[in-house]
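Undergrad: Pasting the sequence and the predicted coordinates here, then a few questions.
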Amino acid sequence: MPIDKSLPEKMIARADHDGLPPEHEMRASAEIFAAAIKGYFGEPQTCAVKAFFGRWARARAAWCRYTGEPLI
């Protein structure tokens, strides 16, 4: 499955649309994954592969739990 680098934007847009509070899992996971994207693709790289994929997996799982979209 390809990594969707737009996932944080989709999560924040959905959270804004639904009026979710700042501490909601969707917002928190989106912010953490957005930071991981910057670190992983940055120069120098500041986010290791294992951490990047872990943060992506948590964000994707949060998105799927909230939206009902299948995880795989």
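TA: Structure received. In this text the structure is predicted, and so the values were computed from the model without any measurement. Numbering: from 1, shown residues only.
Undergrad: Please, which helix or strand holds residue 53?
TA: Using DSSP states H and E, residue 53 sits within helix 49-67.
Undergrad: Sorry, wrong one. I was asking about residue 69.
TA: Residue 69 belongs to no helix or strand, assigned by DSSP H and E.
Undergrad: and it, what are its phi and psi?
TA: phi -70, psi 140 (degrees, to the nearest 10).
Undergrad: any idea how far residue 71 is from residue 21?
TA: 24 Å (CB to CB, to the nearest Å). For glycine as for every other residue, the C-beta is placed from the backbone atoms N, C-alpha and C.
Undergrad: With residue 36 instead?
TA: 19 Å.
Undergrad: residue ranges with poor pLDDT in this protein?
TA: Across the chain, residues meeting the criterion (pLDDT under 70) sit at 1-2.
Undergrad: The nearest residue to residue 7 once chain neighbours are set aside - how many residues pack around it?
TA: Excluding the flanking residues, the one nearest residue 7 by CB to CB, 6 or more residues apart in numbering is residue 59, at 5.7 Å. Using other CB atoms under 10 Å, residue 59 has 26 neighbouring residues.
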